[in-house]
Each structure stands twice: as C-alpha cells, then as structure tokens.
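Participant: Sequence and predicted structure below; questions after.
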Amino acid sequence: WMHYSPKVKAKSAKLKHIILVGKGVTFDTGGISIKPAADMWEMKGDMAGASIAASALISAEQLNLPVELTAIIPLAENMPSGSAFRPGDIITMASGKSVEIDNTDAEGRIILADALHLASKEKPDLIIDVATLTGAITVALGLYAAGLFSTHDGYAKLLCSSGMKTYEYVWQMPLWDEYDKLIKSEVADLSNLSGRLGGAIKAAKFLQHFVDEKIPWMHIDIAGPSSPHDLTGYTKKYMTGYGHRLLVDFLIRLNRES
C-alpha cells in the first residue's frame with residue numbers, strides 16, 4: 001500500500017483521488033495447472049503491473065502532480081505445493097463472493113479481485129488496474145498494444161490519447177453484459193476461467209464483479225507490450241516497462257482537463 005498527496009495542494013478545487021492496482025505475481029509457474037517449461041523464465045515479469053503502479057506513483061511525487069494517488073499492490077508467487085489451490089476448489093473472496101477455481105494459472109485475477117474490492121471501499125474518483133493478465137490479449141492485439149476495458153468513456157478516451165502521445169498504445173475492448181455468461185459457475189458465484197473464447201474479456205468481466213459499480217474503473221491488460229520483444233531497440237531481451245509513460249501522461253492530462 002503506497003500513498004501520495006502533493007506538497008502544495010490547489011485551493012480552488014478538490015483533488016481527484018485515483019487508486020492504481022498493480023498485479024504483483026513475482027513468479028508464475030501456473031501452479032498445479034503448470035505452464036510449459038519453454039520460456040517460463042519470462043514469468044518473473046508477471047509483476048510488471050505492480051512495478052508500473054509503484055513507478056507511476058513515484059513519478060507523480062517527483063513531479064508534484066496535483067492529484068491524490070494510492071497504489072495497492074497484491075503480491076504472491078504462483079507455485080505448485082501441498083497448499084496450492086487445485087482445479088475444482090471453491091474459495092470465498094474478501095467481498096464474500098465465491099469463486100470456482102477452474103484453472104490455477106488464472107491466478108492474477110484472484111489477487112486483483114481482492115485488491116479491487118479493497119480499493120472500492122476507499123471510494124476514490126477512479127480505479128485503474130494494470131496487469132499482465134492474459135495471453136489472450138496478445139492473440140487479439142499482438143505485442144504493440146495493451147487491451148483497455150473501461151466503465152467510463154471519458155477516462156478511456158483520455159488514456160487512449162495518452163497512448164498515442166507516448167507510443168504506449170491501448171485499444172478499447174468490449175465489456176458487454178452478455179460476456180457475463182462465460183464466467184458463470186454451477187457451484188459458485190463465478191468461475192475464474194471457462195473455455196477458450198474471449199479470454200481477455202472474460203478476465204476483465206471477472207474483475208468487474210469486484211469493483212463498486214458507482215466508481216469509474218479502467219483495466220489495462222499489458223501482457224503483450226510489457227513482454228520482451230524486438231519491436232524497438234530497447235526491448236529485445238527483458239521486460240519493457242510498458243505503461244509508466246502512459247499513466248504519467250494520463251495523470252498530467254487529467255489535471256489539465258479537469
């Protein structure tokens with residue numbers, strides 16, 4: 001839990017309070033639903049969302065941006081063990097909702113869900129979560145762009161504009177109610193994974209169930225552009241740090257256009 005308030009607060013207007021939630025899976029083997037061994041080393045980058053949430057808050061402090069920021073960073077390591085979740089387990093979340101664990105490699109949405117519930121209790125003006133959440137978003141958008149899911153068109157438009165300026169592109173994906181059918185469970189309120197189709201959307205819909213519907217929310221799935229690739233000269237071997245410039249520019253623009 002990190003918090004920032006500007007040293008010199010504006011007298012004319014109330015500061016917006018924004019909560020950044022960053023997925024912090026420090027290493028993701030997939031758990032009992034273990035991943036293939038090839039290139040598994042890249043899964044130390046499954047905490048990219050956490051690093052971006054922290055770095056954006058630090059930059060806001062360095063720039064003394066006129067916004068109140070909280071970063072909530074759920075941390076875990078997803079490993080097979082005697083106490084690990086198993087496919088078929090039913091767990092109760094912090095919100096009280098029950099979840100059927102269909103696949104233990106869909107762990108990120110589990111820790112994010114509790115963090116989003118906690119964020120909602122703070123009643124901020126906006127919640128933004130950043131996560132290397134699904135391989136499915138790379139199937140949809142490749143490595144050039146992150147998937148954006150938003151309940152507020154104004155904030156989404158502003159973030160897309162920041163993406164164009166910083167070359168950290170985002171593309172808005174649907175959050176239609178019809179997709180809720182794809183995460184239904186016969187034995188719990190929700191399933192953490194079901195079937196192959198619409199994987200990134202299903203993950204976003206799962207998270208949406210843990211956000212207060214009265215609070216604007218944006219989910220940024222950075223699994224593609226945060227991963228090592230050779231699309232630019234500085235990202236060939238390691239995680240790219242995608243999302244830092246995007247969020248900092250968004251925070252600057254948010255203040256100017258408020």
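Facilitator: That came through, no problem.
Participant: Just the pLDDT for residue 258.
Facilitator: Note on residue 258: pLDDT of 59.
Participant: whoops, I mixed them up, residue 9
Facilitator: Value listed for residue 9 in the pLDDT field: 61.
Participant: Check residue 238 too.
Facilitator: 81.
Participant: In this structure it contacts residue 227, no?
Facilitator: No - if you go by Cβ atoms under 8 Å, residue 238 and residue 227 don't touch, sitting 9.6 Å apart. For glycine as for every other residue, the C-beta is placed from the backbone atoms N, C-alpha and C.
Participant: between those two, what contacts are shared?
Facilitator: Counting by Cβ atoms under 8 Å, 6 or more residues apart in numbering, no residue touches both residue 238 and residue 227.
Participant: more neighbours, those two?
Facilitator: For the pair residue 238 and residue 227, the greater number of neighbours falls to residue 227 (20 against 12), based on other Cβ atoms under 10 Å.
Participant: What about residue 91, how many residues nearby?
Facilitator: Neighbour tally, residue 91, other Cβ under 10 Å: 13.
Participant: Can you list the low-confidence ranges for this protein?
Facilitator: Applying pLDDT under 70 to the chain flags residues 8-13, 258.
Participant: got the residue ranges for the helices in it?
Facilitator: 48-63, 108-121, 136-141, 153-166, 199-208, 244-257 (DSSP state H).
Participant: a markdown table for those helices, including distance to residue 172 and mean neighbour count?
Facilitator: Formatted as a markdown table, the helices of the chain follow (distance: least, Cβ to Cβ, whole Å; neighbours: other Cβ atoms under 10 Å):
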| stretch | distance to residue 172 | mean neighbour count |
| --- | --- | --- |
| helix 48-63 | 18 | 21 |
| helix 108-121 | 19 | 22 |
| helix 136-141 | 11 | 20 |
| helix 153-166 | 6 | 16 |
| helix 199-208 | 11 | 24 |
| helix 244-257 | 14 | 19 |
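Participant: For those helices, please prepare JSON lines with the additional fields distance to residue 217.
Facilitator: JSON lines is the format used below for those (distance: least, Cβ to Cβ, whole Å):
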{"stretch": "helix 48-63", "distance to residue 217": "15"}
{"stretch": "helix 108-121", "distance to residue 217": "8"}
{"stretch": "helix 136-141", "distance to residue 217": "17"}
{"stretch": "helix 153-166", "distance to residue 217": "9"}
{"stretch": "helix 199-208", "distance to residue 217": "7"}
{"stretch": "helix 244-257", "distance to residue 217": "14"}
